[in-house]
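> Everything below, folded, please.
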Amino acid sequence: MADNRIRVFDGSLIDPFNPTPDHIRPWNFIHSSSQINRYAGNGRYPYSIGQHSYNLVQVVPEHLRRAALIHDWGECWFQDMPQPIKVRMPEYRAHEHHAMVCIGLRFGVSEEEFEELSWWDRQIYIDERNAFVNMTDDIGMGDDRTGLGMALHYFREMNWRTVRAMNHATFNMLFPEHQMEYRYGE
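Numbering: from 1, shown residues only. Purely as a prediction, here's the structure:
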């Protein structure tokens, strides 16, 4: 049988298919999410899942802020994949969903909160797409969605270390029961 473990930022080996609460360490996700690009890196500049999550925290109702910050942390184990590809890979989606549920349980975020957040996540996608994806005459993806109307400064290019520091501070603010020291070194 193959070893399903991967090495994460803090050096530990974890099995993303069978995570334990000990595998779910926030600094690993915060670090990784600040470096994984959304849209398979096809934007005008790197735009990470960490920056996406931070931006989402800024616009959702207060009761969804915790879910917004951690909703894509499963991608730190499985990588971000463009939606049209992801929907054709049900096994991948099931593993990513299982990881999200385990992460949510670890930090007290319910599946219902993630489900409610999904509307906001789909809407911010429109704003992201309109802000930094190189457009041709084929604007959009055959949809007529207008997004949340977020200002362009939310989508400016940012250094991954800045995104990591912002998400670290946001995590400590939203999850005071899981306060953590800055553990990244440079």
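> drop to CA atoms for contacts and neighbour counts, all remaining ones
Fine.
> Can you read off the pLDDT for residue 137?
What the model reports as pLDDT for residue 137 is 49.
> Revised request: answer the last question for residue 94.
According to the prediction, residue 94 has pLDDT 93.
> which SS state does it fall under?
State at residue 94, reduced to three classes by DSSP: H, G, I helix; E, B strand; the rest coil: helix.
> Would you check how far apart it and residue 17 are?
In this structure, residue 94 lies at 10 Å from residue 17, with C-alpha to C-alpha, to the nearest Å as the measure.
> same deal with residue 104?
According to C-alpha to C-alpha, residue 104 stands 15 Å off from residue 17.
> Looking at the two, which is more packed in?
Regarding residue 104 and residue 17, a neighbour count based on other C-alpha atoms under 10 Å identifies residue 104 as having more, with 22 against 15.
> in the chain, which spans are strands?
With DSSP state E as the definition, the chain shows strands at residue ranges 6-7, 13-14.
> any idea which of those strands is most buried?
strand 13-14 (a mean of 16; mean count of other C-alpha atoms under 10 Å).
> Mind listing residues that contact that one?
5-8, 23 (C-alpha atoms under 8 Å, 6 or more residues apart in numbering).
> Apply 7 Å and report the result again.
Applying C-alpha atoms under 7 Å, 6 or more residues apart in numbering, the external contacts of strand 13-14 come out as 5-7, 23.
> Show me which helix or strand of this protein is least confident by mean pLDDT.
Taking all helices and strands of the chain together, the one with the lowest average confidence (mean pLDDT, DSSP states H and E) is helix 83-86, at a mean of 85.
> ok, the residue most central in space within the chain - contacts?
The centre of the chain sits closest to residue 72, judged by C-alpha atoms, centre = their mean, with a distance of 3.0 Å. Residues touching residue 72, when contacts are defined by C-alpha under 7 Å, 6+ apart, comprise residue 49.
> tell me the phi and psi of it?
With angles defined as degrees, to the nearest 10, residue 72 shows backbone torsions of phi -110, psi 10.
> so what's it scoring on pLDDT?
Looking at residue 72, its pLDDT reads 96.
> ok, it to residue 81 distance?
Taken as C-alpha to C-alpha, the span from residue 72 to residue 81 is 11 Å.
> cool, residue 57 as well?
Using C-alpha to C-alpha, one obtains 21 Å as the distance from residue 57 to residue 81.
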